[in-house]
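Asks: Here's a sequence, model it:
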Amino acid sequence: MELELRHLKTIRAIADAGSLTKAASALGLAQPALSAQLKRIESALGGRLFDRGRHGVQTTALGELVLARAKIVLPAVSELQQDAVRFARTAQETSRFRLGGTHGPLLGGLVDRLVSAHPGVPVTTYTSWSEREIAASVAEGRIDYALIGCCGASRPPDGERLEWREIASDPVFVMLAADHPLAARQEIGLAELSDEAWTDVPGDGCFADCFTAACARAGFTPTSVYETDTASCVHLVQVGRAVGLCRATFPTTAGLVTRPLAGTPLSWRHLLGWHPAARAADSAPAVFEQARAAHAQAAERSESYADWLHGGHGPLASLPPGSLHTAGAAAFHNAGQRENRHLMNGS
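Replies: Below is the predicted model of the structure:
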């Protein structure tokens, strides 16, 4: 008999269960059938893998050797299968862009730039509030690129399987109704909003915890936070029901303004991720540059962000062409990165 993967799985199941009875139940086999199979495996390997006793089974020295190799072989084969499935899904269509993203203006900007740069090449999108879901879709080959965000210095999901590059870092701004008493201010202290209700889009990262920690550092606990879709967040802010949290590039609309929070207590990193073994990896550098350009365009359209970059004293027009992205990165790191690391460390 030649050793097969199913035999290694059987050995691992017996070791994990600690008894033939429990292992047989987990594998859906009758115990006599499992015992007979184990004898055949042990015969093929030249010795006993387990010592049977009244209290279950114990691995022998040979069993330990086989289990150690199985812990390497089984995950490697599983990864090979996943890579093969991923390759098969993309092999038929090499000229396409399948994008997954969360809420925000950056996904639309990237779609626009890719369609303009690659006329006739299909561009499809998938959106979800879950960064983990989008990352898993890339890892499993259902989409090519993940366009997500992370709070502060937190790690992106699926970091072991995917390659991530940072597009830009932005401060988190607050959305206010245009007639809010603080709407005319250049920047607003978080503590000044202690009596407000809040609204934000959901996510499965650490942003909610970081926001709560920032409020605690400012001396208060939020009374309520409405987690809902972007359109509903905007509506709640416009009617004065809540103030909102948003990225600095968030596009304003009638009845709403965005303002920076003093001291930049919260930040948001825009990230692009892909699987390094997928064919999409070949186009990743070009997609990344298009994402950076889309972010720069979104920043240029935000008057409040441009004013923040200049300390509230200079119009966007004073910047040389193409310099906004660099200026924004420098201003953010100088004003907020140190504070955000302090916050993320829980101090």
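Asks: and Glu166, helix, strand or coil?
Replies: Judged by DSSP: H, G, I helix; E, B strand; the rest coil, the three-state class of Glu166 is strand.
Asks: ok, then the element right after the helix or strand harbouring Leu38?
Replies: Of the helices and strands defined by DSSP states H and E, Leu38 is found in helix 31-45. Downstream of helix 31-45, the first helix or strand assigned by DSSP H and E is strand 50-53.
Asks: Tell me where the stretch 151-300 of the chain has strands.
Replies: Using DSSP state E, counting those that start in this stretch, the strands of the stretch 151-300 of the chain run over 163-177, 198-200, 225-227, 243-247, 256-260, 267-274.
Asks: what lines up beside the third one in the sheet?
Replies: To tie it back to what came earlier, the one meant is strand 225-227. Here strand 225-227 has these sheet partners by DSSP bridges: strand 198-200 (parallel).
Asks: Output the helix holding Leu38 as CSV - backbone C-alpha positions only.
Replies: Output of helix 31-45 as CSV, limited to C-alpha atoms (Å, rounded to 0.1, in the frame of the first residue of the first chain):
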residue,chain,number,x,y,z
GLN,A,31,-14.2,2.1,15.0
PRO,A,32,-13.4,-1.4,13.5
ALA,A,33,-13.0,0.1,10.1
LEU,A,34,-10.7,2.8,11.5
SER,A,35,-8.6,0.3,13.4
ALA,A,36,-8.2,-1.8,10.3
GLN,A,37,-7.2,1.2,8.3
LEU,A,38,-4.6,2.2,10.9
LYS,A,39,-3.1,-1.3,10.9
ARG,A,40,-2.6,-1.0,7.1
ILE,A,41,-1.0,2.4,7.4
GLU,A,42,1.3,1.2,10.2
SER,A,43,2.2,-1.8,8.0
ALA,A,44,3.1,0.5,5.1
LEU,A,45,5.2,2.7,7.4
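Asks: For that helix, enumerate the helices and strands it packs against.
Replies: Judged by 3 or more CB pairs under 8 Å, 6 or more residues apart in numbering; DSSP states H and E, helix 31-45 is in contact with helix 5-17, helix 20-27. For every residue, glycine as well, the C-beta is placed using N, CA and C.
Asks: between the last one and helix 5-17, how many degrees?
Replies: The reference is to helix 20-27. On the basis of axes from the mean of the first three to the mean of the last three CA atoms, to 10 degrees, helix 20-27 is oriented at 120 degrees to helix 5-17.
Asks: Any buried residues in helix 20-27, and which?
Replies: Neighbour-count burial for helix 20-27 flags Leu20, Lys22, Ala23, Ala24, Leu27 (criterion: 16 or more other CB atoms under 10 Å).
Asks: Closest one to Ala214 out of these, please.
Replies: When the buried residues of helix 20-27 are compared for distance to Ala214 (CB to CB), Lys22 wins out at 48.7 Å.
Asks: Show me the contact partners of stretch 177-196.
Replies: Contact with stretch 177-196 is made by 174, 176, 214-215, 218-220, 223, 237-240, 242-243, 254-257, 259-263, 265, 307-308, 312, as judged by CB atoms under 8 Å, 6 or more residues apart in numbering.
Asks: List buried residues within these.
Replies: Buried residues within the contacts of stretch 177-196, counting neighbours by 16+ other CB under 10 Å: 174, 176, 214-215, 218, 237-238, 242-243, 256-257, 259-263, 265, 307-308.
Asks: any idea how far the residue most central in space within the chain is from His103?
Replies: Centroid check for the chain by CA atoms, centre = their mean gives Glu131 as the closest residue, at 3.8 Å. Glu131 sits 11 Å away from His103, going by CB to CB, to the nearest Å.
Asks: My guess is Thr21 contacts Ala30. True?
Replies: No. If you go by CB atoms under 8 Å, Thr21 and Ala30 don't touch, sitting 10.3 Å apart.
Asks: Count the neighbours of the residue nearest to Arg96 when sequence neighbours are not counted for me.
Replies: Excluding its sequence neighbours, the residue lying closest to Arg96 (CB to CB, 6 or more residues apart in numbering) is Pro122, at 4.5 Å. Look at Pro122: counted by other CB atoms under 10 Å, it has 11 neighbours.
Asks: ok, now Glu160?
Replies: Glu160: 6 surrounding residues under other CB under 10 Å.
Asks: Quick one: residues contacting it.
Replies: Applying CB under 8 Å, 6+ apart, no residues contact Glu160.
Asks: Could you pull up the residues touching Ala208?
Replies: Taking CB under 8 Å, 6+ apart, we find Ala208 in contact with Asp200, Val225, Glu227.
Asks: Next, count neighbours for the last one.
Replies: By the criterion of other CB under 10 Å, Glu227 has 14 neighbours.
Asks: how about the closest residue in space to it that isn't next to it in sequence, phi and psi?
Replies: Counting by CB to CB, 6+ apart, Pro202 is the residue found nearest to Glu227 once chain neighbours are left out, at 4.4 Å. Per-residue torsions, Pro202: phi -80, psi 170 (degrees, to the nearest 10).
Asks: need the buried residues of helix 20-27 in a markdown table with distance to Pro285, can you?
Replies: Output for the buried residues of helix 20-27, formatted as a markdown table (distance: CB to CB, whole Å):
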| residue | distance to Pro285 |
| --- | --- |
| Leu20 | 54 |
| Lys22 | 51 |
| Ala23 | 49 |
| Ala24 | 52 |
| Leu27 | 47 |
